[in-house]
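> Got a sequence here, can you build the structure:
(2 chains)
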Amino acid sequence: MNAFAILWMVPLFPLLAAGVSALLPRKARKPAAGLAIGAMACSLTLSLMALANALNQAQSSPGTVQTWNFPWFQIGETWVRLGWLLDPLTALMLVMVCFVGLLIFIYSVGYMAHDSNFTRFFCFLSLFAAAMLGLLISNSLLLLFICWELVGLTSYLLIGFWFHKPSAAAAAKKAFITTRIGDMAFLLGIVWLYSATGTLLFYDHGAGCLEAGAIGELLRTVTHPGMTAATAISLLIFLGAVGKSGQFPLHTWLPDAMEGPTPVSALIHAATMVAAGVFLVARVYPLMAAVPDSQAVPVQEVMHASATAPAGEAAHAPSHHAAANAPVVSTALKVVTWTGILTAIMAAGIAIAQNDIKRILAYSTVSQLGFMMMGIGTGGVAVGMFHLITHAFFKALLFMGAGSVIHGCHEEQDIRLMGGLRKFMPVTFLTYAIGMMALSGVPLFFSGFWSKDAILHAAHGWAPSTAPFYLGLLGALLTAFYMTRQVCLVFFGAPRLGTGAQHGHTPEPPHESPAVMVVPLMLLAACALLLGFLGTPAWPWFQGFINGSGSHLDMGELWAAENLRMMGLSALVVLLGVTLGWWYYGRTSPVVGEPDPLLRISPDIYSLLENKGYLDQVYEATVVRGHAAWAAGCAWADIWLWGSLVDATRYATLGLSWCNRLIDEFLVNGLFDRFSEGLRICGGTTSRWQNGRIQFYLRFIGAGFVLLTLVLIWRSRE
Amino acid sequence: MAAWSIYISFIGAGLIAMLPRNRAHLAPWLALLSAFAGFAFALTGAFDPNPGSFHILARHSWIDAMGATYLLGIDGISLTLILLTGLAAICGILFSWNIRERAPEFFALYLALIGSVYGVFLSFDLLLFFVFYELAIVPKYFLIAIYGSTRREYGAMKLALYSFVGSAMVLVGLLAAYAISGGETFDLVKLAQHPFPREFQMWAFPLVFTGFAILAGLWPFHTWAPTGHVAAPTGASMLLAGVIMKLGAYGCLRVAITLFPRGLEPWGFSVIGFGSWQDVFGFLAVTGIVSGAMVALVQRDFKFVIGYSSVSHMGFVLLGLVTLSTIGMRGAILQMFSHGVIAGLLFGVVGRMVYDRTHTRDLDLLSGFRLNQALPFACAIFCLAGFASMGMPGFSGFVAELQVLSGAWHSFPLLTLVSGVGIVIGVAYTLRAMQKAFFTTPPPTPVTQGTHHEMDGAPITLPEKIGAVILITTSLVVGLYPGILLRWIDEGLASPLFDLLRQGGLS
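Next up is the predicted model:
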């Protein structure tokens, strides 16, 4: 069976599961979960078949895209067509989403076991999976947008799943409206693209909107402020990605979205949906990267290139990234890069100052998404997508680990109130530590190291500016720091659970989570370790597969001077971050087994002092002061500047709305009412003359008669 | 056969009016039967060998001296709208099932209104068209004034006055067109081929267009709509939003744009950026989209939210019509259908399912009822309808608004951007109303604890469920496979009626 021909069944399984479980009664918990998991397993099987198919395709004819288009509805003579496609990008994403999704579905069975709306939860999850998978396989910007909106809708439903919490309801609304702002720009981009090229299919045997003909056409059209239509459309589409992927300045919804259940945060707001924006940029990369011919090869550039070409090729030929070969970068990609790096360091800064275990991870997600955008902007699709895939695994792992911690700590989310959990939750600790090291980019054995290294490498060779490279190093430092802080506070030191002011009673000790939650953690941890080896400089299989250029094993690459320098530098930065984090959070933590004497006398005062003193001590420290100021500044900007910008927009909209309402009710209606009232008064006055008294009428007739006679006499005199 | 949908409605109205007092309980059944029959007759239009193209259903002499004939016809556009009318009629009756007081009169008036609406959509003689158009005003006045709620006399009177002012403007334009064309015929097909002088079209177009657009909720003549919708009983507000507002938009397309297409040409000079009536009406339509959405955002009355959302959505219809592009006009007609279905459903949920049980429409008070637990079906349906209303893909609104925006992009790029803002606000007010009404749990303060909210007839009845499912399914089917209607609409737009428009540069 050809996996490509039945690719449409990948989203169909979860969709059917969602439809059936929507009709199930509330009590049918097991059938609902079983349906969702079974559907996901079927999709995973199909995705693996699709991946095998794509691998074969890459062997026989690299760089081609398999497409299948079908008509949706007719507009005059032309048909609006939708379709699906299979290329390495789609195949890899499919496997990732299905695999991570399946594990999270299984994990949810344990996590949501006590929820009364268990059935509804799995219905929404399946619907999400269907929309997300549909998004990945669509060969039409329109179909992609449809799935994109459905994904946003299910995200809204799932963030607000516990709608009885006002904060969750508000977060859901905020997420939906904020991303919808980006989506409007996206929609306008689609409309523009359609009116300019007449098609929304990506690939259509030469007639698609991502193929040479259409892009050449778009590059020739110059619009208002002197940019080409290609740039303008790219930027509009990118705005959609900014909203969905939580990029600055539309990122504020993502941390709030952590109000949803933790499996939702892991699946939607870490691994898959938020990455859809990055995927979109990758999908329309040909459009984003397009530069006019005249600009692409300026005269002196040509001379320069031809003069240095042999030497340059000799030096850089083994290099596995593509950016160094492209001297001119399109405006759209510059915007993507700068937005990405700005988001990356800003969110990493904020993450340092957070105390909620999930919010730290949320800001970390925002930051990593920024890295991915920067990767695509500087190094092309493969670099960004590699980080996307590795990140999906280790961030899902971290979120599920955090869920396990929260579950084990009886719904406690404040990391200052945890501590010492490695004794109570050994498996969670171990897997979480792997995730943390992968995210921080600890060298050699963790996937995050290789994917982040690829991004930094690409940024180093980026023609327009080297600033993103140095900022990226700063981001890597911050990442290692806040992750070490989190792990130290949660898993090391003395157990502080239940010592918080809100827990007066002696709590049960934290416990390890059930197997249904722990086993997925272990599987993800294995992936977080192993996946990195798919894209090392020695064997850039991933990059080769995505770019359609093939790859081979060459251990010598690792020792190439440039690669070694880069790896050494990023390793150094990570070690510095980890050491600093440990120095301030791990070293000075209270020793286990020796409770502070104050604790025995008065636990409340102890915890108060402990926590306050702890924080003060930390933020007084000189080295951290810079970090803290930066973090506080970013948090301040987030809350006051960007937050207030959002609020100001909100109040301005509401104010204007009130004005409109008042205009309607007083001006428009008032005029109408006054006019009607005037008519009524006129009517009243005239009706008074019709009083039915003959004398009154006769008097008028008499007066009229006299008047008429006078007029007639007057006229006859002339 | 489709013409019989007119007659069967009036026959049903007559029969119900003559029901003896002790048989009053039969009224809803009889009404439902007539509405079904009307819909079935309308549906026969879809089974013609060539359903989208224009053909004549009936032609009889009527007032020979004036050249007025009794001329009924049908094309793809009419077909789409009479199907909408049939659906809205059936569902409106299902949602009015609980009317007990003076029920026979209610259903008789209701069917008379439906009959007139069918008449408008099927007349191809301008005088006949106008007669049906006027005939529709009478029953809706009584429906609101007798059976309505909040400020019903005011709402009914306002609706009637606005309608009559609009009609007066239309009548002047029609008579002038009749006179200038030689005073021989009111036949729309013939008049549509008549080349009226450009100067005449320049003033006749805005006059007739505005006259009709008042009924379609053109800003700033839109305030009758929310007031009227709120005052009307549920079934009537479903018809008002679902079908009556479409009469106006249909008139704009069928009469104003068809007869006076050159009225949209540039004036040759520009006043504060406006260079033609096209610019003016495009601007007003977009203002309606944004302003309607904004006002909906700050309402406390649940029904006013939906009322103003209708103004906003009808703005898309008017915008699509004045884009003068095939894709924009096609989108406008699809939006007429889509809005008729979705707004009808929203009014049904708010007016019948919620208000009839809670007796309040105040969004702040509704939170005390915990409606998501008390009325789970109403909650689910409102969520679906709300998502449809905010233009979620998969529902009919998305395809319609997408096409309107694509059409508008050519004619007014800047205004298209602004209407995008309207869509975002549309999301905001829908979510706000949805969360306030259904998903807010009030904090247990002493005040709310004391008041115990009681609800009448909590479970949703079967007729309501059937009506809601019909409407939401229709929206889904059209959203997933819009070709089902677009095929007819396209053929309708390709008919010789629009020849002059095409010569004038319809793209």
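> residue boundaries of the helices in the stretch 151-300 of chain B?
Assigned by DSSP state H, counting those that start in this stretch, the stretch 151-300 of chain B shows helices spanning B:152-180, B:188-193, B:198-215, B:224-231, B:234-239, B:245-251, B:258-259, B:277-297.
> For the shortest one, what is the distance to the chain centroid?
This points to helix B:258-259. In terms of Cα atoms, centre = their mean, to the nearest Å, the centre of helix B:258-259 is found 21 Å from the chain centre.
> Pick the most deeply packed of the helices of the stretch 151-300 of chain B.
Most buried of the helices of the stretch 151-300 of chain B by mean neighbour count (mean count of other Cβ atoms under 10 Å in any protein chain shown) is helix B:234-239; its value is a mean of 30. C-beta coordinates here come from the backbone N, C-alpha and C atoms, glycine included.
> and it, what does it pack onto?
Applying 3 or more Cβ pairs under 8 Å, 6 or more residues apart in numbering or on different chains; DSSP states H and E, we find helix B:234-239 packed against helix B:76-95, helix B:103-122, helix B:137-147, helix B:224-231, helix B:326-347.
> Chain A: which of those is closest?
helix B:326-347 (5.9 Å; Cβ to the nearest Cβ).
> just the angle between the closest one and helix B:277-297, please?
Interaxial angle, helix B:326-347 versus helix B:277-297 (axes from the mean of the first three to the mean of the last three Cα atoms, to 10 degrees): 20 degrees.
> gap between helix B:326-347 and the chain center?
8 Å.
> Give me the helices and strands touching the helix or strand that it is followed by, please.
Later in the chain than helix B:326-347, the nearest helix or strand by DSSP states H and E is helix B:356-358. Taking 3+ Cβ pairs under 8 Å, 6+ apart as contact, there are no helices or strands that helix B:356-358 lies on.
> so what's residue 384 up against?
Let's take chain A. A:V278, A:V281, A:A282, A:M372, A:M373, A:M374, A:G375, A:I376, A:G377, A:I455 (Cβ atoms under 8 Å, 6 or more residues apart in numbering or on different chains).
> hm, I was asking about chain B
By Cβ under 8 Å, 6+ apart, the neighbours of B:L384 are B:I472.
> what's the spacing between it and A:R26?
Using Cβ to Cβ, to the nearest Å, one obtains 18 Å as the distance from B:L384 to A:R26.
> can you pull out the helices in the stretch 1-150 of chain A?
A:9-23, A:29-60, A:88-111, A:118-137, A:141-159.
> To A:W582, which of those lies closest?
Nearest to A:W582, of all those, is helix A:88-111, at 29.7 Å by Cβ to Cβ.
> What average pLDDT does that closest one get?
Throughout helix A:88-111, pLDDT has a mean value of 86.
> Okay, and B:I99 sits in which element?
Under DSSP H and E, no helix or strand contains B:I99.
> correction: B:L476
helix B:462-480.
> helices or strands next to the helix or strand following that helix in the packing?
Downstream of helix B:462-480, the first helix or strand assigned by DSSP H and E is helix B:483-493. Applying 3+ Cβ pairs under 8 Å, 6+ apart, one finds that helix B:483-493 contacts strand A:66-75, helix B:76-95, helix B:326-347, helix B:462-480.
> So the second one, near chain A or not?
No: using Cβ under 8 Å from any Cβ of the partner chain, helix B:76-95 stays clear of chain A, with a minimum separation of 12.6 Å.
> got the angle between that helix and helix B:326-347?
Using the same axes, to 10 degrees: helix B:76-95 against helix B:326-347 is 10 degrees.
> Export helix B:76-95 to CSV, keeping only CA atoms.
Extracted in CSV, the C-alpha atoms of helix B:76-95 (Å, rounded to 0.1, in the frame of the first residue of the first chain):
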residue,chain,number,x,y,z
GLY,B,76,-29.5,30.8,-8.8
ILE,B,77,-29.5,33.8,-6.5
SER,B,78,-33.3,33.6,-5.9
LEU,B,79,-33.0,29.9,-5.4
THR,B,80,-30.4,30.2,-2.8
LEU,B,81,-32.5,32.8,-0.9
ILE,B,82,-35.8,31.0,-1.1
LEU,B,83,-34.1,27.9,0.3
LEU,B,84,-32.8,30.1,3.1
THR,B,85,-36.3,31.4,3.6
GLY,B,86,-37.8,27.9,3.8
LEU,B,87,-35.2,26.8,6.4
ALA,B,88,-35.6,29.9,8.5
ALA,B,89,-39.4,29.5,8.4
ILE,B,90,-39.3,25.9,9.5
CYS,B,91,-36.9,26.6,12.3
GLY,B,92,-38.6,29.8,13.4
ILE,B,93,-41.8,27.8,13.8
LEU,B,94,-40.0,25.1,15.8
PHE,B,95,-38.6,27.8,18.1
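> average model confidence for that helix?
92.
> try the longest one
Throughout helix B:326-347, pLDDT has a mean value of 92.
> Please find the angle between the direction vectors of it and helix B:462-480.
Using the same axes, to 10 degrees: helix B:326-347 against helix B:462-480 is 160 degrees.
> For the stretch 351-500 of chain B, what lies in contact range of chain A?
Listed as neighbours of chain A in the stretch 351-500 of chain B under the rule Cβ under 8 Å from any Cβ: B:372, B:387, B:392-394, B:398-399, B:402-403, B:405-406, B:409-410, B:416-417, B:420-421, B:423-425, B:427-428, B:431-432, B:435, B:439-441, B:481-483, B:486-487, B:490.
> can you rerun that using 7 Å?
B:387, B:392-394, B:405-406, B:409-410, B:416-417, B:420, B:423-425, B:427-428, B:431, B:435, B:439, B:441, B:482-483, B:486-487, B:490 (Cβ under 7 Å from any Cβ of the partner chain).
> Out of these, which sit inside helices?
Those of those mapping onto helices are B:387, B:405-406, B:409-410, B:416-417, B:420, B:423-425, B:427-428, B:431, B:435, B:483, B:486-487, B:490, per DSSP state H.
> hmm, which of those residues are the buried ones?
B:387, B:405-406, B:409-410, B:416-417, B:420, B:423-425, B:427-428, B:431, B:435, B:483, B:486, B:490 (16 or more other Cβ atoms under 10 Å in any protein chain shown).
> quick one: low-confidence parts of the stretch 51-200 of chain A?
Filtered on pLDDT under 70, the stretch 51-200 of chain A yields the residue ranges A:74-78.
> which bits of it sit near chain B?
Counting by Cβ under 7 Å from any Cβ, the stretch 51-200 of chain A sits next to chain B at A:73-76, A:145-146, A:149-150, A:153, A:163-164, A:169, A:173, A:176-177, A:180-181, A:184, A:187-188, A:191-192, A:194-195.
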